[in-house]
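**Student:** Model the structure of this input:
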Amino acid sequence: MARAARAIVIGGGIGGLAAAAALHRRDWDVTVLERARSLEPVGAALSLAPNALRALDVLGIGDDVRDLAAWQGDAGVRTPGGRWLARSSAEAVAARFGGPLVLLPRSDLVGRLAALLPPGAVRTAAPAALADPGDAVRPARVATGGEELEADLVVGADGVNSRVRGALFPGHPGPAYAGFTTWRMLIPVPGVRFASHETWGRGRIWGTHPIGDGRVYAYAAATAPAGEHAPDEERAELLRRFGTWHDPIPAVLTAARPDDVLRHDVYHLAAPLPAFHAGRVALLGDAAHAMPPTLGQGGNQAVEDAVVLAHHGRDLAAYTAARLPRTTAIARRAVRAARLNMAGGRAAVAVRDTAVAALSRAAPALLLRGFDGIADWGPPYASGRESAGNR
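**Tutor:** Numbers count the residues shown, from 1 in each chain. As a prediction, the model looks like this:
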């Protein structure tokens with residue numbers, strides 16, 4: 001009997017686990033190496049658009065996630081004083097893109113992806129380094145825990161500061177600071193009801209979204225020097241920056257404890273990679289195309305990467321051809337969205353808000369048009385559900 005092809009996935013985040021699950025479904029022998037001591041994800045919640053849900057259909061858990069997650073209903077953009085600039089609805093999203101936009105804790109998705117893998121496939125506390133990318137004749141080799149493992153395919157899913165990417169493309173400049181920092185929290189806020197919203201201020205944004213289990217996912221972003229931290233603690237910093245904004249923002253900040261708040265500077269790959277592969281190694285997710293979070297597509301694109309990589313298998317040139325142009329275009333759109341969202345000048349903000357409000361009145365689907373060509377993607381092969389096609 002022929003030996004099953006072997007794949008090693010470096011990184012046990014959402015993209016890495018999705019890739020491992022997709023490869024396992026195609027009968028690869030898969031090992032995931034995660035440097036952390038557990039798969040507990042960094043971050044609070046994750047928004048999944050119809051494109052990522054179709055990719056999860058390929059893995060057999062799309063409906064499970066739809067049932068588990070909170071469907072995002074009426075939503076829109078507001079000013080710090082509470083005025084609505086633009087609004088949309090769940091029905092409009094589903095009509096335009098063939099499915100819902102959902103929100104769930106990252107830990108729930110990580111757990112369901114890990115459950116798709118056989119026992120022992122995931123090794124935690126297992127830092128790994130690429131020892132040899134291999135070639136058409138020679139297998140790739142990965143060093144971990146004092147041993148070297150050989151593989152027909154290595155998947156670099158080790159994030160924005162990817163060591164695998166650095167080994168494959170040492171001349172690439174690597175991640176660049178996007179100019180702003182973010183805060184996130186996932187907390188109960190009893191007795192508060194509201195419509196999902198993102199609020200745009202001067203060089204600052206805030207988002208508040210109900211989640212299916214009764215908690216609230218809130219995030220904020222502000223222009224700031226790289227590496228800056230609050231002089232006391234981050235909840236107090238949020239109160240200083242956002243405490244006077246419209247309801248329910250003050251109530252969310254009152255309900256939060258200092259330990260609930262996560263802060264991370266935003267880095268992205270401003271210079272696209274020349275390819276997403278070399279030798280027998282493929283990159284995916286933030287390792288391949290880290291982008292600002294302004295379109296909410298980072299995790300979504302990683303899941304897309306995973307199913308497309310498994311589809312092409314050893315033909316990594318085809319994987320690059322399928323994924324690099326699409327993710328580069330989406331990353332550029334995310335950068336443009338960040339410039340709009342994080343505008344800091346008083347005049348620029350006034351022009352932005354007036355234009356968004358006017359366009360929204362003239363074309364109510366304005367907010368959704370920004371996701372044309374993104375949320376309507378479908379996998380390149382049948383998944384048991386109606387596919388939108390590989391657009």
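**Student:** Every contact and neighbour count from this point should use C-alpha atoms.
**Tutor:** Will do.
**Student:** so where's this structure shaky on pLDDT?
**Tutor:** Residues of the chain that meet the criterion pLDDT under 70 lie in 1-2, 43, 364, 366, 382-391.
**Student:** so where's the longest strand in it?
**Tutor:** strand 176-188 (DSSP state E).
**Student:** What lies in contact with that strand?
**Tutor:** 43-45, 214-226, 255-256, 260-270, 292 (Cα atoms under 8 Å, 6 or more residues apart in numbering).
**Student:** Just the buried ones from the residues you listed, in PyMOL syntax?
**Tutor:** Filtering these down to the buried ones (16 or more other Cα atoms under 10 Å) takes a single PyMOL command:
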select buried, resi 43+44+45+215+216+217+218+219+220+221+222+223+224+256+261+262+263+264+265+266+267+268+269+270+292
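**Student:** Am I right that N51 is in contact with G373?
**Tutor:** No. Between N51 and G373 there is no contact under Cα atoms under 8 Å: 9.7 Å.
**Student:** between these two, who's got more neighbours?
**Tutor:** N51 (27 against 14; other Cα atoms under 10 Å).
**Student:** and that one, helix, strand or coil?
**Tutor:** Recorded secondary structure, N51: helix (DSSP: H, G, I helix; E, B strand; the rest coil).
**Student:** Tell me how far it lies from M185.
**Tutor:** Separation of N51 from M185 (Cα to Cα, to the nearest Å): 25 Å.
**Student:** how about the helices of the stretch 251-391 of the chain, start to end?
**Tutor:** 286-289, 298-312, 316-341, 346-362, 366-369 (DSSP state H, counting those that start in this stretch).
**Student:** and the fourth one, which residues are buried?
**Tutor:** So the one you mean is helix 346-362. Across helix 346-362, burial judged by 16+ other Cα under 10 Å covers V349, R352, D353, V356, A357, L359, S360.
**Student:** Can you list the buried residues in stretch 125-138?
**Tutor:** Buried residues in stretch 125-138, counted by 16+ other Cα under 10 Å: A126, P127, A128, A129, L130, A131, D132, P133, G134.
**Student:** Same check on stretch 312-321?
**Tutor:** G313, R314, L316, Y319, T320.
**Student:** ok, so of these, who is nearest R83?
**Tutor:** T320 (43.8 Å; Cα to Cα).
**Student:** Run a quick check on the closest one versus H277, I expect a contact.
**Tutor:** Yes. Between T320 and H277 there is a contact at 6.7 Å, judged by Cα under 8 Å.
**Student:** hmm, back to that, got TSV for the buried residues of stretch 312-321, with distance to D305 too?
**Tutor:** Formatted as TSV, the buried residues of stretch 312-321 follow (distance: Cα to Cα, whole Å):
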residue	distance to D305
G313	12
R314	14
L316	12
Y319	8
T320	10
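**Student:** Can you tell me which of the residues you listed is nearest G159?
**Tutor:** Ranked by distance to G159 (Cα to Cα), those are led by T320 at 17.7 Å.
**Student:** excluding its backbone neighbours, what's nearest the closest one?
**Tutor:** In this structure, T320 finds its nearest non-sequential neighbour in F276, 5.2 Å apart by Cα to Cα, 6 or more residues apart in numbering.
**Student:** which residues sit in contact with the one you found?
**Tutor:** A282, L283, L284, A288, Y319, T320, L324.
**Student:** ok, so what distance separates the first one from P139?
**Tutor:** In this case it means A282. In terms of Cα to Cα, A282 sits 13 Å off from P139.
**Student:** Mutual contacts of the two, please.
**Tutor:** L153.
**Student:** list the helices and strands the helix or strand encompassing V110 packs on?
**Tutor:** Assigned by DSSP states H and E, V110 falls within helix 106-114. The criterion is 3 or more Cα pairs under 8 Å, 6 or more residues apart in numbering; DSSP states H and E, and the helices and strands that helix 106-114 contacts are helix 14-25, strand 45-48.
**Student:** mind running it again at 7 Å?
**Tutor:** With contacts taken as 3 or more Cα pairs under 7 Å, 6 or more residues apart in numbering; DSSP states H and E, helix 106-114 sits against helix 14-25.
**Student:** so what does the helix it packs on touch, helix or strand wise?
**Tutor:** helix 106-114, helix 298-312.
**Student:** now those in CSV, with distance to I205?
**Tutor:** Shown next, in CSV, are the helices and strands packed on helix 14-25 (distance: least, Cα to Cα, whole Å):
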stretch, distance to I205
helix 106-114, 22
helix 298-312, 18
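**Student:** Buried deepest among these, which one?
**Tutor:** helix 298-312 (a mean of 25; mean count of other Cα atoms under 10 Å).
**Student:** contacting residues around the closest residue to W28 other than its chain neighbours?
**Tutor:** Counting by Cα to Cα, 6+ apart, the nearest residue to W28 once its immediate chain neighbours are dropped is A5, at 5.2 Å. Going by Cα atoms under 7 Å, 6 or more residues apart in numbering, A5 touches W28, D29, D152.
**Student:** Looking at these, which one is closest to G81?
**Tutor:** Using Cα to Cα, W28 is the member of the contacts of A5 that sits closest to G81, with 54.1 Å.
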